[in-house]
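Colleague: After the sequence you'll find the predicted model.
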Amino acid sequence: MASFVDRVVLHVSGGTGGHGCVSVKREKFKPLGGPDGGKGGDGGDVILRVSAQTTTLLDYHHAPHRNAGNGGPGMGDWRDGRIGETLVLDVPDGTVVKDKAGNVLADLVGEGTEYIAAAGGQGGLGNAALSSQKRKAPGFALLGVEGSHGDIVLELKSIADIALVGFPSAGKSSLIAAMSAARPKIADYPFTTLVPNLGVVQSGDIRFTIADVPGLIEGASEGKGLGHNFLRHVERCAALVHVLDCAALEPDRDPISDLVVIERELDRYAVDMSFAGADGGVVPLNARPRLVALNKVDAPDGRDMAEFVKGDLEARGYRVFEVSAASHEGLRQLGFAMAEIVQEARDAVAAAPAKATPVVLRPRAVNATPFIIRREEKNLEPLFRVIGEKPERWVRQTDFQNEEAIGYLADRLAKAGVETGLFKAGATPGDTVVIGEDDGMVFDWEPTMMGGAEHLAAPRGTDLRLLDLGDRPTRAQKREEQQERRDAKAAARAELEAERKAGIWTESTNRQHARNLGIKEDLDANGGATDDDEL
């Protein structure tokens, strides 16, 4: 079973906000107490926090799905729902947060550093918060919104000042055990070390951390062996120490060839751009200060091999130290050389100008609309997609089982200019309108709903504009009916005027004409039978 995990894919989701409450104050002698529904509680966040007690991502490897608490629903008597419980996930120091595409979202360095991986959803407003001078007693409330969710990648990059690199069984773990209080697993077979080991070294007044990279071999930068998985742990190091085995038993290996292979693999490894300096550049691994430790000089042939290759290595520009992890020979000198490089790196960081991110203020334009309308086609039919944070959130907050809530949504969209934008985009009544992306709400657009529902006398929870929604005439039909009525009235007036000018109307004829008209109306109403017939 794996005991060390330095890369996991974590599925996180914030809590869902609670629904608002629809309630009316009911108290003795106060029959019209007004709305008193409370707001739903906001959902909890998922927060990543650096903890000194956490050294691996193993817990998230076994349980990759993490959800924050949901908010509670609002209640009557103006009581708000409970806020969802925030989920805090402890991660090791040096954890890098990325999205699925590999973009760096956060670099968590330093105990207590936090990053909100998934924000909780907003709670819905109750009818008490929705009441106004025009809408005094709303019969609806807003629904809670789901929290953000998605997949993130956590990569652990160890925090160390010096990195020990070399072939398997070169003695890196033995050096860490000899120079620090760390006690890594040590054996005489390759790939004994399966996880990066860290040790704290004290050299004079300087304290620093060293780490080893498990088993680099030829082709490690391309994924062979174990080195490709653990090279990320040396990206934060200020210097590298090549640990060369002077007592290797393989006939085709020697310290010089081992150094050439490791240098080639380090040169091919691309350092993550998230560690760029102030100038925007990244220092490659091979461009950092390097030392060479000729290890195992206590072996019978180890010292002879070290003396044989030392001159060649120094001619190449390396500082070479003959050391032995077993007898501790040369470790003091090597420790002081490491401390010198670490102090120089720390002084350079302290002397560098502080990186201050400039504050950029981007005020919203006066005439900027909070949405965009995109014309598409589906099944050779026009489709208009409305994209915007507010319209999409308004749709998610709407209870479509409540007519008054639907009318409130229509008023909000009209006030925001969505209907005007659809007209300008060329939409016609009956076209399909989608608010949101692929999972958005689909409507058959029929712009016949006028504003002002708060002035209509309707029972709570209903909207007169939505009654008989399927049989409601369109605006064009209403204009046509109105024009027909106008034409009929004009024709009747013209006929009466013509009769008056012809002298047909007199006082007696007017009375007879009116009586005839009344009899005719009675006949039409009674199916041909008059009141006289009934008597």
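Modeller: Yep, that arrived.

Colleague: Helices along this protein, start to end?
Modeller: Applying DSSP state H to the chain gives helices spanning 58-62, 127-130, 172-179, 227-230, 255-268, 302-315, 331-351, 389-396, 403-416, 418-424, 475-501, 507-526, 531-534.

Colleague: of those helices, which approaches L361 most closely?
Modeller: L361 lies closest to helix 389-396 among the helices of the chain, at 19.6 Å (CB to CB). From N, CA and C alone the C-beta is placed, and that goes for glycine too.

Colleague: so what secondary structure elements neighbour that closest one?
Modeller: Contacts defined by 3 or more CB pairs under 8 Å, 6 or more residues apart in numbering; DSSP states H and E place helix 389-396 against helix 403-416, strand 432-435.

Colleague: Would you mind listing the buried residues in that helix?
Modeller: By 16 or more other CB atoms under 10 Å, the buried positions in helix 389-396 come out as P391, E392, W394, V395, R396.

Colleague: Of those, which pair is most distant in space?
Modeller: Between any two of the buried residues of helix 389-396, the greatest separation by CB to CB is 10.0 Å, found for P391 and R396.

Colleague: what residue ranges in the stretch 1-150 of the chain score low on pLDDT?
Modeller: 1-4 (pLDDT under 70).

Colleague: ranges for the strands of it?
Modeller: Remark: strands assigned in the stretch 1-150 of the chain by DSSP state E, counting those that start in this stretch are 7-13, 46-50, 65-67, 87-91, 95-98, 104-108, 114-118, 149-156.

Colleague: re earlier: could I get the helices and strands packed on helix 389-396 in JSON lines, plus columns for distance to M338, mean neighbour count and mean pLDDT?
Modeller: Shown next, in JSON lines, are the helices and strands packed on helix 389-396 (distance: least, CB to CB, whole Å; neighbours: other CB atoms under 10 Å; pLDDT from 0 to 100):
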{"stretch": "helix 403-416", "distance to M338": "63", "mean neighbour count": "20", "mean pLDDT": "87"}
{"stretch": "strand 432-435", "distance to M338": "61", "mean neighbour count": "20", "mean pLDDT": "90"}
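
Colleague: Could you dump these into TSV and include distance to A494?
Modeller: As requested, the helices and strands packed on helix 389-396 are exported to TSV (distance: least, CB to CB, whole Å):
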stretch	distance to A494
helix 403-416	41
strand 432-435	45
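
Colleague: Of all those, which one is nearest I152?
Modeller: Across the helices and strands packed on helix 389-396, closest to I152 is strand 432-435 (CB to CB), at 27.7 Å.

Colleague: How far away from the center of its chain is the closest one?
Modeller: Relative to the mean C-alpha coordinate of its chain, strand 432-435 is positioned 24 Å out (CA atoms, centre = their mean, to the nearest Å).

Colleague: in its sheet, what does that strand sit against?
Modeller: The pairing partners recorded for strand 432-435 under DSSP bridges are strand 381-387 (parallel), strand 441-444 (antiparallel).

Colleague: which of those sits most buried?
Modeller: Ranked by mean neighbour count, the strands paired with strand 432-435 are led by strand 381-387 with a mean of 17 (mean count of other CB atoms under 10 Å).

Colleague: export it as PDB, just CAs?
Modeller: C-alpha atoms of strand 381-387 as PDB (Å, rounded to 0.1, in the frame of the first residue of the first chain):
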ATOM      1  CA  GLU A 381     -34.100  26.600 -36.300                       C
ATOM      2  CA  PRO A 382     -32.800  29.800 -34.800                       C
ATOM      3  CA  LEU A 383     -31.700  29.600 -31.100                       C
ATOM      4  CA  PHE A 384     -30.700  32.600 -29.000                       C
ATOM      5  CA  ARG A 385     -28.400  31.900 -26.000                       C
ATOM      6  CA  VAL A 386     -28.200  34.400 -23.100                       C
ATOM      7  CA  ILE A 387     -24.900  34.300 -21.300                       C
END
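
Colleague: need the contact list for K296.
Modeller: G171, D245, C246, A247, G302, S324, A325, A326 (CB atoms under 8 Å, 6 or more residues apart in numbering).

Colleague: returning to that earlier point: looking at the buried residues of helix 389-396, spot the one nearest L130.
Modeller: For these, the minimum distance to L130 (CB to CB) is 12.7 Å, reached by W394.

Colleague: is it true that the closest one touches R412?
Modeller: Yes. The criterion here is CB atoms under 8 Å, and W394 meets it with R412 at 5.4 Å.

Colleague: Dump the strands paired with strand 432-435 into a markdown table; add mean pLDDT as well.
Modeller: Shown next, in a markdown table, are these (pLDDT from 0 to 100):
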| stretch | mean pLDDT |
| --- | --- |
| strand 381-387 | 89 |
| strand 441-444 | 84 |
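
Colleague: rewinding a little: which of the strands of the stretch 1-150 of the chain sits closest to E446?
Modeller: From the strands of the stretch 1-150 of the chain, taking CB to CB, the stretch that ends up closest is strand 149-156, at 33.9 Å.
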